[in-house]
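>>> okay, predicted coordinates and the sequence, questions at the end:
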Amino acid sequence: MSDTSGPNLRANDPHSREPVHFDCRLYEGLSELTWWGSRIFTEPVRVRGSAVFNGDYYDVSYVIHGTMHMTCSRCLEDVCVPLEKSFSRIAMEADDSISPWGDTILLDDGNLDVAAMASADLLLEMEGVFLCREDCPGLCQVCGKHKDLSCGCDPNPPDPRFDALRKLLDENIDE
Ligand SMILES: [Zn+2]
Ligand SMILES: [Zn+2]
């Protein structure tokens with residue numbers, strides 16, 4: 001496993017069509033990613049993958065392994081989530097004659113910037129909502145405790161605005 005930012009894809013003879021493998025530990029770049037103001041990654045992640053030249057461009061596929069520190073959007077609990085996610089991208093040499101399309105990765109003299117690629121892809125994965133588990137019940141509206149703790153609060157507390165009306169009704173019933 002190398003600690004460098006990424007492989008040089010020109011290391012292989014492009015005509016061989018042999019995949020160039022890479023296996024990096026990344027922290028720089030990813031350590032900037034935050035969720036609700038806290039760092040998502042507090043230790044390096046492993047990025048393993050390969051790039052194959054197909055005649056026109058490189059097909060890059062890779063897997064990120066690591067641990068994410070997230071906060072549940074519903075119950076506000078901090079959770080450590082194992083991350084294992086695969087991505088695929090197209091990479092090509094930066095060249096004025098070709099205008100790259102979409103999210104093509106541009107190589108710098110054959111160098112693939114794995115850190116930039118992985119953090120950009122992870123950022124796209126981070127949706128606005130994160131749940132500790134799919135059916136997280138969230139917090140009790142009354143006491144603010146996690147609903148799993150079964151605090152026993154009435155989920156539909158009476159609206160104080162109707163107290164006066166209710167009193168009036170009760171008095172009428174009593175008569
Ligand atoms: Zn939750
Ligand atoms: Zn409660």
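Cool, the structure landed. Ligands and ions are numbered 1, 2, ... in the order given.
>>> the helices in this structure, which residues?
114-125, 163-174 (DSSP state H).
>>> tell me the most buried of those?
Mean neighbours per residue, mean count of other CB atoms under 10 Å, is largest over the helices of the chain for helix 114-125, with a mean of 18. For glycine as for every other residue, the C-beta is placed from the backbone atoms N, C-alpha and C.
>>> how about residue 17, what does it touch?
Residues in contact with residue 17, defined by CB atoms under 8 Å, 6 or more residues apart in numbering, are 52, 53, 54.
>>> list the residues that contact residue 13.
Counted by CB under 8 Å, 6+ apart, residue 13 has zero contacts.
>>> that older thread, so which of the helices of the chain is nearest ligand 2?
helix 163-174 (20.7 Å; CB to the ion).
>>> least reliable of the helices of the chain going by mean pLDDT?
Among those, helix 163-174 carries the lowest mean pLDDT, at a mean of 74.
>>> excluding its backbone neighbours, what's nearest residue 115?
Distance criterion CB to CB, 6 or more residues apart in numbering; nearest residue to residue 115, sequence neighbours excluded, is residue 29 at 4.0 Å.
>>> how many residues are close by that neighbour?
A count of nearby residues for residue 29, using other CB atoms under 10 Å, gives 18.
>>> can I get stretch 111-127 in PDB, CA atoms only?
Only the C-alpha atoms of stretch 111-127 are listed here, as PDB (Å, rounded to 0.1, in the frame of the first residue of the first chain):
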ATOM      1  CA  ASN A 111      -0.700  11.200 -12.900                       C
ATOM      2  CA  LEU A 112      -4.000  10.200 -11.400                       C
ATOM      3  CA  ASP A 113      -4.900  12.400  -8.400                       C
ATOM      4  CA  VAL A 114      -6.600   9.700  -6.300                       C
ATOM      5  CA  ALA A 115      -7.300  12.000  -3.400                       C
ATOM      6  CA  ALA A 116      -9.100  14.600  -5.500                       C
ATOM      7  CA  MET A 117     -11.100  12.000  -7.300                       C
ATOM      8  CA  ALA A 118     -12.100  10.100  -4.100                       C
ATOM      9  CA  SER A 119     -13.100  13.300  -2.200                       C
ATOM     10  CA  ALA A 120     -15.100  14.600  -5.100                       C
ATOM     11  CA  ASP A 121     -17.000  11.300  -5.500                       C
ATOM     12  CA  LEU A 122     -17.600  11.000  -1.700                       C
ATOM     13  CA  LEU A 123     -18.900  14.600  -1.600                       C
ATOM     14  CA  LEU A 124     -21.500  13.700  -4.200                       C
ATOM     15  CA  GLU A 125     -22.500  10.700  -2.100                       C
ATOM     16  CA  MET A 126     -23.200  12.900   0.900                       C
ATOM     17  CA  GLU A 127     -26.900  13.600   0.700                       C
END
